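>>> Fold the following and give me the result.
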Amino acid sequence: MKKALMFLGYLVVGTVQAIFGGFILSLLWSWFIVPKFAVPALTTMQAIGVLTVIGFPLLGLHVNTANDKTLEELLNKSLAYVFLVYPLCLATAWVWHQFITF
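Okay, here's the model as predicted:
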């Protein structure tokens, strides 16, 4: 039962991680790529697709390094990305964006 709940939690966190990551990529794309290269902006759903395409070749690397980790450790790592790494990336990019727009 505990493993089933951990797996469900991992799916929920993975979904939130994908949506939040897609949102941040769509912002970064709008801030840096659209003005420089005059390409269309990405929606959040399109950005999730781009992240999936970029992440697909790297999936094998994560599987090899995750063999010795428990599902709970993987869930904690995903939570750390959602609540620490992504916001820090967004904050850093926002500051950089402020310098570019002047």
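>>> Closest to the mean position in the protein, which residue would that be?
Centre of the chain computed as the mean C-alpha position; nearest residue by Cα atoms, centre = their mean is Gly21, 3.2 Å away.
>>> Name the nearest residue to that one, sequence neighbours excluded.
Among residues not flanking Gly21 along the chain, Leu51 sits closest, at 5.6 Å (Cβ to Cβ, 6 or more residues apart in numbering). From N, CA and C alone the C-beta is placed, and that goes for glycine too.
>>> who are the neighbours in contact with that neighbour?
Contacts here follow Cβ atoms under 8 Å, 6 or more residues apart in numbering; on that basis Leu51 touches 18, 21-22, 25.
>>> That one and Val16: what is the separation?
As judged by Cβ to Cβ, to the nearest Å, Leu51 and Val16 stand 13 Å apart.
>>> quick one on the thing from earlier: wait, the residue nearest to the centre of the chain sits on Tyr86?
Yes: here Gly21 lies in contact with Tyr86, judged by Cβ atoms under 8 Å, at a distance of 6.2 Å.
>>> Just give the nearest non-adjacent residue to Met45, would you?
Nearest one to Met45, counting by Cβ to Cβ, 6+ apart, is Gly22 at 6.8 Å.
>>> pLDDT value on the one you found, please?
Gly22 carries a pLDDT value of 92.
>>> Report the contact partners of it.
Counted by Cβ under 8 Å, 6+ apart, Gly22 has contacts 44-48, 51.
>>> same question, Tyr86
Tyr86 touches 17, 20-21, 24, counting by Cβ under 8 Å, 6+ apart.
>>> Recalculate using a threshold of 7 Å.
20-21, 24 (Cβ atoms under 7 Å, 6 or more residues apart in numbering).
>>> got the CA coordinates for whichever strand or helix holds Asn76 in PDB?
Per DSSP states H and E: Asn76 is located in helix 71-80. Provided in PDB are the C-alpha atoms of helix 71-80 (Å, rounded to 0.1, in the frame of the first residue of the first chain):
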ATOM      1  CA  LEU A  71      10.900   5.700  -4.900                       C
ATOM      2  CA  GLU A  72      10.900   8.000  -1.800                       C
ATOM      3  CA  GLU A  73      14.300   9.500  -2.700                       C
ATOM      4  CA  LEU A  74      13.200  10.100  -6.300                       C
ATOM      5  CA  LEU A  75      10.000  11.800  -5.000                       C
ATOM      6  CA  ASN A  76      12.100  14.000  -2.800                       C
ATOM      7  CA  LYS A  77      14.400  14.900  -5.700                       C
ATOM      8  CA  SER A  78      11.400  15.800  -7.800                       C
ATOM      9  CA  LEU A  79      10.000  18.000  -5.000                       C
ATOM     10  CA  ALA A  80      13.300  19.700  -4.700                       C
END
